[in-house]
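# Sequence unavailable; structure follows:
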């Protein structure tokens, strides 16, 4: 095994590009074969994801449904990922490239910390993701778009922060909340009605569950809570204590409270 490489920096992706190009994501190398094809109806896509800040951090949530054209590709897709101890990434768009990007970002951040001896600042992590989304632009033009949300707890500022992105790698920080995916507009409208700066973590979780329910009620590509199969949205929070995944029991409780109040969807 080769231990000494030409590349001596701290970026895992650049290390692959310089010394191990054969290990780069395979879907990038397949682009010439995909030229001219319309893939949007042939590749599983994931929607809807959202994030909102609360008084001590930030919550990120995503439904579990993936669609392939007008068909259900999967009812149990994970769209929210812990990228390191204080950051999270939520994915929408082509499911395969999106999930792969989330995993590579996690390795990238871990590699940087090992080489530099300290973790990258939260805004630097968002910049890394922006670069990855920009590198995916040729694939996005073929229907393999990745449109993520990135959020985490900024230890330097002692506050939760979140960013949205466009397919060109544009990065935009949001001060309150945001949502993306086919049901994003409905989720944002729901969050607009329930969000305020003094939200507690439990209130933020409830607001996110209501927002996903509103999206599922209006958008056929967004999945709601599936009580029959026991499938619940993935919800994670980041605070000064780090990233924590919300238990299914808490999500179910928040969802049943939403139903009792007259909102939500069980799709």
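Now that the structure is in, tell me what you want to look at. Bear in mind the structure is a predicted one, so any value in this text is a computation, not a measurement.

# okay, CA-based contacts and neighbour counts for the rest of this
Will do.

# Next SSE downstream of the helix or strand containing residue 130?
Under the criterion of DSSP states H and E, residue 130 resides in helix 122-135. For helix 122-135, the following helix or strand on the C-terminal side (DSSP H and E) is helix 137-140.

# Show me what that next one is packed up against.
Taking 3 or more Cα pairs under 8 Å, 6 or more residues apart in numbering; DSSP states H and E as contact, there are no helices or strands that helix 137-140 lies on.

# the strands in the stretch 51-200 of the chain, which residues?
Here the stretch 51-200 of the chain has its strands, by DSSP state E, counting those that start in this stretch, at 57-62, 66-68, 71-74, 80-84, 87-90, 93-94, 149-154, 159-165, 171-174, 177-180.

# For residue 71, give its distance to residue 44.
To residue 44, residue 71 is 9 Å away according to Cα to Cα, to the nearest Å.

# Of all the strands of the stretch 51-200 of the chain, which one comes closest to residue 257?
Proximity to residue 257, assessed across the strands of the stretch 51-200 of the chain by Cα to Cα, is greatest for strand 57-62 (17.5 Å).

# what's in contact with that closest one?
With Cα atoms under 8 Å, 6 or more residues apart in numbering as the test, strand 57-62 has contacts from 47-53, 78-80, 88, 90, 151-153, 159-162, 201, 204-205, 208-209, 212, 233-240.

# Show me which residues of it are buried.
57-62 (16 or more other Cα atoms under 10 Å).

# quick one: the residue nearest to residue 49 when sequence neighbours are not counted and residue 111, what's the gap?
In space, and not counting its chain neighbours, residue 49 is closest to residue 62: 4.2 Å by Cα to Cα, 6 or more residues apart in numbering. Between residue 62 and residue 111 the computed distance is 27 Å (Cα to Cα).

# Give me the residue at the spatial middle of the protein.
Centroid-nearest residue in the chain, with Cα atoms, centre = their mean: residue 90, separated by 0.7 Å.

# Contacts only, for it.
49-50, 60-62, 79-81, 148-150.

# Nearest spatial neighbour of it, chain-adjacent residues omitted?
residue 80 (4.3 Å).
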